[in-house]
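J.: would you be able to build a 3D model of this:
(one chain, ligands or ions: 1)
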Amino acid sequence: MGHQMFEYDAKLAEEVYLYCRDRLTHPVPLDFGGLSPDPLPELTGLITAEGRNPHEILEFWEKRMASHVVSIDSPGFLAFIPNAPTKNSLMFDMLVACSGLNGTSWLESAGVVIAENQALEFLAATVGMPEGSGGAFVSGGSMGNLSSLTVGRDVGRAKNPDLSPHEVRFAVSEDAHSSIGKALHVLGIEALVVKDDDHRFTRANLEAALANDPNPRSVVGIIATSGTTNAGIVDDLAGLGSFAREQDLWFHVDGAYGGAAMFSPTHRHLLEGIRHADSFIVDPHKWLFAPLDSCALIYRNPTVARKVLAQQASYLDVLHGSDDENYEWNPSDFAIHLSRRARGLPFWFSLVTNGVDAYETAVQAAIDIAAAAVKQIDEAPHVEMVRPSSLSIVLFRRKGWTAGQYNAWSQQLLRDQIAFVTPTKWEGETVARFAFLHPDTSEELVRQILDSMLD
Ligand SMILES: *Cc1c(COP(=O)(O)O)cnc(C)c1O
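T.: Residues are numbered from 1 along each chain as shown. Down below sits the predicted model:
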């Protein structure tokens, strides 16, 4: 007899399969998120020495807890950056969960590593990074940025032994994602914050900032954004990238959201400069239709990243036993992590099974619905664009509204189960923001949302 906790409960399994099948087959409801003031008093005392009946707890989850979630994969979820995983990616995620995989090392799961690397190589090639580029899938853009910038910092220090270690800096734009500021804080280094024209980081801005800086030599890297989160603006990647090459600086491109535009026939040209990147990230869990917990982190020279980030310990020596780097590709060596879920596999399976054309169509659909929304906004008298839309982000204004009115409207829209749209700030003003991503978001829904701003 095995231990009771590890026994298979056929009835419970059936209930869980049914629940998952339901979520996969029914149109996704928006649900109500944290808006309910009900603190779920039934939760008190649930954890006991003897344990509880799993069927009852599953039912409790379904009836009382699962409804306190705003489903991020609804076509009506237009806040922050949505997530719209394909059915195939969700199914493969379940398979990964049940498979006992540790995606840490070649030794433990070579089959996983080969599949994940195929996906990374495809992404690298699509943005024009050279053959031999590679890295690992990490939990999200924040971890991808932190890992990349750790490598960039150490490379910058090694090239400039005369600088004191905390003197090295990165040039960043005012509009870089909050995770960049956090990463630099963790790394204990300062930024040269470059003022943009119209929120776009360009080579000209950078050169002007360096010309006015008392210590320009301390700038060892450039951080560009390929699609700002708030507005979708793509920096001057070609200009910044070529400057980085000329000056021998680390060039990091944060494409967590907008890197996916590599699949857009109409917008991929904006990303051309990514080919200069020393490190690049894109989140499959954003606009590449994979479930949450997936960022593709790619280095131009993975060997350099491995030297900085691989963990050394006696019990891990067996992972690094051979000199053949290609044979012994350990995803754990390329980021600040060790044990890892095989978090690239759901994306890999979806890309392989749906095909690249389907990805192009789905990414393009979000850009097209953004364009349709702009048209509706231009035609409606009560709303107006704040600035031209970029990629799939639309910033617009309800004429005459205060911040309080935007907030009340946003909450009512969710309560009415129409959509989840949250306000943002643009140049100090509270405005409305659509982040399109789900290819099933319809023009009718956009019309309904705009109409709801009439009163
Ligand atoms: C979302 C985002 C991040 C952070 O990614 P997470 O996956 O949420 O950690 C970083 N940069 C940009 C540009 C983003 O849009």
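J.: quick one, phi psi at the closest residue to Leu40 other than its chain neighbours?
T.: With sequence-adjacent residues excluded and distances taken as CB to CB, 6 or more residues apart in numbering, Leu40 is closest to Arg64, at 6.1 Å. Yep, even glycine has a C-beta here, placed from its N, CA and C like the rest. Dihedral pair for Arg64: phi -110, psi -30, per degrees, to the nearest 10.
J.: ok, Thr303 next?
T.: Residue torsions, per degrees, to the nearest 10, at Thr303 are phi -60, psi -40.
J.: what count of nearby residues applies to it?
T.: Neighbourhood size, Thr303 [other CB atoms under 10 Å]: 11.
J.: please tell me how far the residue nearest to Leu40 sits from Gln412.
T.: 24 Å (CB to CB, to the nearest Å).
J.: and the strands in the stretch 1-150 of the chain?
T.: Using DSSP state E, counting those that start in this stretch, the strands of the stretch 1-150 of the chain run over 134-138.
J.: now do the same end-to-end measure for stretch 429-446.
T.: One end of stretch 429-446 sits 22 Å from the other (CA to CA, to the nearest Å).
J.: how far does it sit from its chain's centre?
T.: 18 Å (CA atoms, centre = their mean, to the nearest Å).
J.: what comes up buried for that stretch?
T.: Across stretch 429-446, burial judged by 16 or more other CB atoms under 10 Å covers 430-439, 441, 445-446.
J.: low pLDDT regions in this protein?
T.: 1, 35-39, 321-327 (pLDDT under 70).
J.: which residues of it lie near the ligand?
T.: In this structure, the chain approaches the ligand at residues 81, 140-142, 177, 179, 225, 229, 254, 256-257, 283, 295, judged by CB under 6 Å from any ligand atom.
J.: go again with 8 Å.
T.: Applying CB under 8 Å from any ligand atom, we find that the chain lies next to the ligand at 81, 139-145, 176-180, 225-229, 254-258, 281, 283, 285-286, 295.
J.: PyMOL command for the buried members of these?
T.: PyMOL command restricting the residues of the chain next to the ligand to the buried ones, with burial defined by 16+ other CB under 10 Å:
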select buried, resi 81+139+140+141+142+143+144+145+176+177+179+180+225+226+227+228+229+254+255+256+257+258+281+283+285+286+295
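J.: among the residues of the chain next to the ligand, which ones are in strands?
T.: 225, 254, 281, 295 (DSSP state E).
J.: which residues does the last one bridge with?
T.: Cys295 has the following beta-bridge partners by DSSP bridges: Val138.
J.: doesn't Phe137 make contact with it?
T.: Yes: under the criterion of CB atoms under 8 Å, Cys295 makes contact with Phe137 at 6.6 Å.
J.: may I have the helix or strand encompassing Ile367 as CSV, with CA atoms only?
T.: Under the criterion of DSSP states H and E, Ile367 resides in helix 356-379. Output of helix 356-379 as CSV, limited to C-alpha atoms (Å, rounded to 0.1, in the frame of the first residue of the first chain):
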residue,chain,number,x,y,z
VAL,A,356,2.9,30.4,-38.1
ASP,A,357,0.1,31.6,-40.4
ALA,A,358,-2.4,31.2,-37.7
TYR,A,359,-0.2,33.3,-35.4
GLU,A,360,0.1,36.0,-38.0
THR,A,361,-3.6,36.1,-38.5
ALA,A,362,-4.3,36.3,-34.7
VAL,A,363,-1.7,38.9,-34.0
GLN,A,364,-2.8,41.0,-36.9
ALA,A,365,-6.5,40.7,-35.7
ALA,A,366,-5.6,42.7,-32.6
ILE,A,367,-4.0,45.5,-34.6
ASP,A,368,-7.0,45.5,-37.0
ILE,A,369,-9.5,45.8,-34.2
ALA,A,370,-7.5,48.6,-32.7
ALA,A,371,-7.7,50.4,-36.1
ALA,A,372,-11.5,49.8,-36.2
ALA,A,373,-11.8,51.2,-32.6
VAL,A,374,-9.9,54.3,-33.7
LYS,A,375,-12.4,54.8,-36.5
GLN,A,376,-15.3,54.5,-34.2
ILE,A,377,-13.8,56.9,-31.7
ASP,A,378,-13.1,59.4,-34.5
GLU,A,379,-16.8,59.2,-35.6
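J.: name the residues that touch that helix?
T.: By CB atoms under 8 Å, 6 or more residues apart in numbering, the list of residues contacting helix 356-379 from outside reads 260-261, 263-267, 287-289, 351, 383-385, 388-389, 391-394, 396, 434, 436-439, 441-443, 446-447, 450.
J.: at 7 Å instead, please
T.: Identification of contacts with helix 356-379 by CB atoms under 7 Å, 6 or more residues apart in numbering yields 260-261, 263-267, 287, 289, 351, 383-385, 389, 391-392, 394, 396, 434, 436-437, 439, 441, 443, 446-447, 450.
J.: show me these that map onto helices.
T.: 351, 443, 446-447, 450 (DSSP state H).
J.: and the helices in the stretch 101-250 of the chain?
T.: For the stretch 101-250 of the chain, applying DSSP state H, counting those that start in this stretch gives helices covering 106-126, 141-159, 178-187, 203-211, 237-247.
J.: buried deepest among the ones you listed, which one?
T.: Ranked by average neighbour count under the criterion mean count of other CB atoms under 10 Å, the helices of the stretch 101-250 of the chain are headed by helix 141-159 at a mean of 23.
J.: quick one: residues in contact with it.
T.: Residues from elsewhere that reach helix 141-159 (CB under 7 Å, 6+ apart): 138, 165, 168, 170, 179-180, 182-184, 186-187, 189, 220-221, 250, 252, 254, 256, 278-279, 281, 283, 295, 297, 299, 304-305, 308-309, 335-336.
J.: how far off strand 134-138 does it point, in degrees?
T.: 140 degrees (axes from the mean of the first three to the mean of the last three CA atoms, to 10 degrees).
J.: got the angle for helix 141-159 vs helix 178-187?
T.: Going by the same axes, to 10 degrees, helix 141-159 makes 50 degrees with helix 178-187.
J.: identify each buried residue in stretch 2-22, please.
T.: Glu15.
J.: just the CA trace of it, in PDB.
T.: This file holds the C-alpha atoms of stretch 2-22, laid out as PDB (Å, rounded to 0.1, in the frame of the first residue of the first chain):
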ATOM      1  CA  GLY A   2       1.300   3.400  -0.900                       C
ATOM      2  CA  HIS A   3       0.800   6.500   1.100                       C
ATOM      3  CA  GLN A   4      -2.800   7.600   1.000                       C
ATOM      4  CA  MET A   5      -1.900  11.100  -0.100                       C
ATOM      5  CA  PHE A   6      -0.400   9.800  -3.300                       C
ATOM      6  CA  GLU A   7      -3.300   7.500  -4.300                       C
ATOM      7  CA  TYR A   8      -5.300   8.200  -7.400                       C
ATOM      8  CA  ASP A   9      -8.900   9.300  -6.700                       C
ATOM      9  CA  ALA A  10     -10.800   8.400  -9.800                       C
ATOM     10  CA  LYS A  11     -13.900  10.300  -8.900                       C
ATOM     11  CA  LEU A  12     -11.900  13.500  -8.100                       C
ATOM     12  CA  ALA A  13     -10.000  13.100 -11.300                       C
ATOM     13  CA  GLU A  14     -13.200  12.900 -13.200                       C
ATOM     14  CA  GLU A  15     -14.500  16.000 -11.600                       C
ATOM     15  CA  VAL A  16     -11.300  17.900 -12.300                       C
ATOM     16  CA  TYR A  17     -11.400  16.800 -16.000                       C
ATOM     17  CA  LEU A  18     -15.000  17.900 -16.300                       C
ATOM     18  CA  TYR A  19     -14.200  21.200 -14.800                       C
ATOM     19  CA  CYS A  20     -11.300  21.800 -17.200                       C
ATOM     20  CA  ARG A  21     -13.300  20.600 -20.100                       C
ATOM     21  CA  ASP A  22     -16.000  23.100 -19.200                       C
END
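J.: nice, that's everything, thank you.
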